[in-house]
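J.: Have a look at this fold, sequence not included:
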């Protein structure tokens, strides 16, 4: 194991695990793997400002894992997902990760949440050469860091903001402001908008920032409202997003509002009610309703006992997709499961079509998907493409 870790560190993004595997003897007691189970670990916000997102993502993943376990699992092993609540607090995320590694004997991380949270985890992940699949963050700067054992699934915030800016500028809208959270997440989204506009020889009209620990958006409303933008891209969670929209409208400002996928459509709509109509939200997985793809039909057809409590949402669907892709990697890794075999299996998935949503990895390529599209909340509260 020590030799493999040294190879992983030395080669960075271009892992050459094949040579390691050919000369390795399968481990009989890989951490988190027993004859009848594989234990995955997740730290996610089951409380706090992103509780709905964390719960829905976990439950979407569990829906697939439970269904798969009912069919015998992967090579005769059940998949167990241990999720610890971090409340979207960075320090708790790190503490949870250490517990999952040391006390809970976790085979791999799955769906770890938050940009700043994951940034704080990356040194530990590198130190332990720990497989980490589908972190719930789109921060481009994290993708740029060498982390050969991290495999992303969702598109980056740069991909989302590029799609938004492309749509706006195609419509002739170029007075674009940015409302953002004062952390890794917010700065990543702001950078994405700036790069997309610069590509079109444009710049950000105005910015407004808020402290995520206070959610006071008053100053942001003043700075952005004064500039009178045609559109505002919001890099924010649902409560400050809703407060910002309400206060902008009270101030007589009626720009087009665009939010990123992590805002959570259902929670935002619940917070705004009828005022949510007309808000655009970028998405990083396909439309999850109306049998739009084979993958959607598969999700909708799950037995009731496996379906997430929240039902079908973009977030439960993303969790379901992540679980399906990861289970396919476990299948390809074979019955003599080790972390090294899993990493090699993931790296060899180029591409994999899960039923209307394709992901692909390779040597030095950990990005998975760059799919992004823009939806809009209709007058009846339903999302439309």
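T.: Looks like it arrived, so ask away. These numbers come from a predicted model, not from an experiment.
J.: C-terminal to the lowest-mean-pLDDT helix or strand in the chain, what's the next element?
T.: Least confident helix or strand of the chain, by mean pLDDT, DSSP states H and E, is helix 17-22 with a mean of 41. For helix 17-22, the following helix or strand on the C-terminal side (DSSP states H and E) is strand 33-34.
J.: pLDDT below threshold where in the protein?
T.: By pLDDT under 70, the weakly predicted segments of the chain are 1-29.
J.: Report the distance from stretch 195-207 to the chain centre.
T.: The chain centre lies 25 Å from the centre of stretch 195-207; the measure is CA atoms, centre = their mean, to the nearest Å.
J.: So which bits of that stretch are buried?
T.: For stretch 195-207, the neighbour count (16 or more other CB atoms under 10 Å) marks 196-197, 202, 204-207 as buried. Bear in mind the C-beta positions are built from the backbone N, C-alpha and C, glycine included.
J.: Just name the closest of the residues you listed to residue 241, please.
T.: Nearest to residue 241, judged by CB to CB, of these is residue 207 at 15.3 Å.
J.: any idea how far that closest one is from residue 68?
T.: To residue 68, residue 207 is 45 Å away according to CB to CB, to the nearest Å.
J.: Show me the beta-bridge partners of the residue most central in space within the chain.
T.: For the chain, residue 136 is the residue whose C-alpha lies nearest the centre (CA atoms, centre = their mean; 2.6 Å). Judged by DSSP bridges, the bridge partners of residue 136 are residue 113.
J.: got the residue ranges for the helices in the stretch 101-250 of the chain?
T.: 115-128, 140-144, 157-170, 184-199, 218-227, 238-250 (DSSP state H, counting those that start in this stretch).
J.: just so I know, which of the ones you listed lies nearest residue 53?
T.: Using CB to CB, the nearest of the helices of the stretch 101-250 of the chain to residue 53 is helix 238-250, at 8.6 Å.
J.: quick one: contacts of that closest one?
T.: 49, 52, 179, 181, 208, 210, 212, 215, 217-218, 220-221, 224-225, 232, 234, 236, 254-255, 257, 259, 263-264, 267-268, 271-272, 275, 279 (CB atoms under 8 Å, 6 or more residues apart in numbering).
J.: That one versus helix 218-227: what angle between them?
T.: Counting by axes from the mean of the first three to the mean of the last three CA atoms, to 10 degrees, helix 238-250 lies at 40 degrees to helix 218-227.
J.: helices and strands around the helix or strand just after helix 238-250, which ones?
T.: For helix 238-250, the following helix or strand on the C-terminal side (DSSP H and E) is strand 256-259. Using 3 or more CB pairs under 8 Å, 6 or more residues apart in numbering; DSSP states H and E, the elements in contact with strand 256-259 are helix 157-170, strand 231-235, helix 238-250, strand 280-283.
J.: buried residues in the third one?
T.: Which is helix 238-250. 238-245, 247-248.
J.: Just the angle for that helix relative to strand 231-235, thanks.
T.: 160 degrees.
J.: Give the other helices and strands that the host helix or strand of residue 38 contacts.
T.: Assigned by DSSP H and E, residue 38 belongs to strand 37-44. Judged by 3+ CB pairs under 8 Å, 6+ apart, strand 37-44 is in contact with helix 51-70, strand 78-85, helix 90-102, strand 108-110.
J.: So in that sheet, which strands flank the second one, and in what orientation?
T.: So the one you mean is strand 78-85. Sheet pairing for strand 78-85, assigned by DSSP bridges, gives strand 37-44 (parallel).
J.: buried ones in the partner strand?
T.: In strand 37-44, counting by 16+ other CB under 10 Å, buried: 38-44.
J.: Stretch 139-155 too?
T.: Buried, per 16+ other CB under 10 Å, within stretch 139-155: 139-140, 142-143, 147-155.
J.: Okay, now that stretch: how far is its last residue from its first?
T.: Start-to-end span of stretch 139-155 (CA to CA, to the nearest Å) is 9 Å.
J.: if we can go back for a sec, could you single out the most deeply buried of the helices and strands packed on strand 37-44?
T.: strand 108-110 (a mean of 26; mean count of other CB atoms under 10 Å).
J.: May I have the strands that pair with it, each with its orientation?
T.: strand 37-44 (parallel), strand 132-133 (parallel).
J.: With distance to residue 73 as added columns, please give the ones you listed in a markdown table.
T.: Converted to a markdown table, the strands paired with strand 108-110 look like this (distance: least, CB to CB, whole Å):
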| stretch | distance to residue 73 |
| --- | --- |
| strand 37-44 | 8 |
| strand 132-133 | 17 |
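J.: re earlier: looking at the helices and strands packed on strand 37-44, which is nearest to residue 381?
T.: helix 51-70 (16.1 Å).
J.: Check which helices and strands the closest one sits against.
T.: Helix 51-70 packs on strand 37-44, strand 78-85, helix 265-272, helix 314-333, going by 3+ CB pairs under 8 Å, 6+ apart.
J.: Next, the angle from it to strand 37-44.
T.: 170 degrees.
J.: Kindly provide the distance from residue 188 to residue 329.
T.: Residue 188 sits 26 Å away from residue 329, going by CB to CB.
J.: Compare those two (neighbour count), which wins?
T.: Neighbours were counted for residue 188 and for residue 329 using other CB atoms under 10 Å; residue 188 has more, 27 against 24.
J.: you'd agree that one is up against residue 159?
T.: No - here residue 188 does not reach residue 159: they are 11.4 Å apart, not a contact under CB atoms under 8 Å.
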